[in-house]
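Peer 1: Requesting a structural model of the entry that follows:
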Amino acid sequence: MTIGRYSVIGGVVVCIATAVLVAYGYRQLWSPDGEKGSEGTYHRFLPRQAKARAHLYFSDVDHSFLTAEVRTLALSDGVVQRTRQIVEALVEGPKGPLTPTIPGGTRLLAVYLADHGTVYVDFNRAIMENHPGGTLSELLTIFSLVNTLALNISEIEAVKILIGGREAETLAGHIDIRFPFRPNMLMIK
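Peer 2: Alright, predicted model coming up:
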């Protein structure tokens, strides 16, 4: 019977030791050594967005080719969220001497990722209504988006453009956008 008593006492000691370690670890995790968030709470081990260099493709000043503008962006781990962040930076336009390729007033509505590496990017109607038109201008808009996404996010192989949640035939009457596009390196200078 004494062996059973020692087993019970040993179990109690292990439980108390575990409780003390958990309490001590919890206090250390949320200790004042952590960084204070905007609400005054500690968030030392919360996930953060990593800063990464992204190549955003905009039109050159002659509107002939795409040229990369290197930007450091805070990017999430998830493919859909990273896609959203990069497209929003592309919609904002270039910071330097390059020319925007996405028409003013354009807003990103949604991003969907298919299993086979195709990302669906849905814009509001401003991408069509405010587009300047012309074959080359449409190509620059399309491949600015496609090249930027495919060359920055390895999981993306092709990009399908949607407008207002629906498939559209064209942006401004010249290029058929009913099918996904793969990157076109010939558009880059």
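
Peer 1: hey, let's count contacts and neighbours off CA atoms from now on
Peer 2: Will do.

Peer 1: Excluding residues flanking it in the chain, which one is nearest Asp96?
Peer 2: You called it Asp, but residue 96 is Gly. Nearest residue to Gly96, sequence neighbours excluded (CA to CA, 6 or more residues apart in numbering): Glu69, at 7.7 Å.

Peer 1: Distance-wise, check the one you found relative to Thr135.
Peer 2: 23 Å (CA to CA, to the nearest Å).

Peer 1: More neighbours: which of those two?
Peer 2: Glu69 (18 against 12; other CA atoms under 10 Å).

Peer 1: Test of understanding: give the bridge partners of the more buried one.
Peer 2: Leu56 (DSSP bridges).

Peer 1: Check the one 5 residues further on too.
Peer 2: Beta bridges link Ala74 to Lys51 when assigned by DSSP bridges.

Peer 1: That one contacts Gln81, correct?
Peer 2: No - the pair Ala74 / Gln81 is not scored as a contact, 10.9 Å apart, by CA atoms under 8 Å.

Peer 1: Please parse this protein into its domains.
Peer 2: 1-46, 50-187 (automatic domain parsing).

Peer 1: Who are the packing partners of whichever helix or strand Ala150 is part of?
Peer 2: Element membership of Ala150 [criterion: DSSP states H and E] is helix 135-152. On a contact count with 3 or more CA pairs under 8 Å, 6 or more residues apart in numbering; DSSP states H and E, helix 135-152 meets strand 50-59, helix 79-92, strand 158-163.
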